[in-house]
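# the sequence and its predicted three-dimensional model are supplied below.
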Amino acid sequence: MAVVTKDIPAHSIAVGMPVRVIRQIDDVKDAAAFQQYAQ
């Protein structure tokens, strides 16, 4: 488990420990595919 202490940009995928942004989701089709993981 990781504790995130800073904001992560909208439409981003962040992973790791420490957390880092690995991808921005700009395409509407890609965003729909990842919507199920959004909280």
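Received, thanks.

# which residues does the closest residue to residue 15 other than its chain neighbours contact?
Distances taken as C-beta to C-beta, 6 or more residues apart in numbering put residue 22 closest to residue 15, at 5.7 Å, once the chain neighbours are dropped. No exception for glycine: its C-beta is placed from N, CA and C like everyone else's. When contacts are counted by C-beta atoms under 8 Å, 6 or more residues apart in numbering, residue 22 touches 13-16.

# tally up the residues packed near residue 26, please.
8 (other C-beta atoms under 10 Å).

# ok, now residue 12?
13.

# okay if I get the contacts of residue 22 as JSON lines plus pLDDT?
Listed next are those as JSON lines, based on pLDDT from 0 to 100:
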{"residue": "13", "pLDDT": "84"}
{"residue": "14", "pLDDT": "86"}
{"residue": "15", "pLDDT": "86"}
{"residue": "16", "pLDDT": "85"}
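
# filter these down to just the buried residues.
Buried residues within the contacts of residue 22, counting neighbours by 16 or more other C-beta atoms under 10 Å: none.

# thanks again, I'm all set now.
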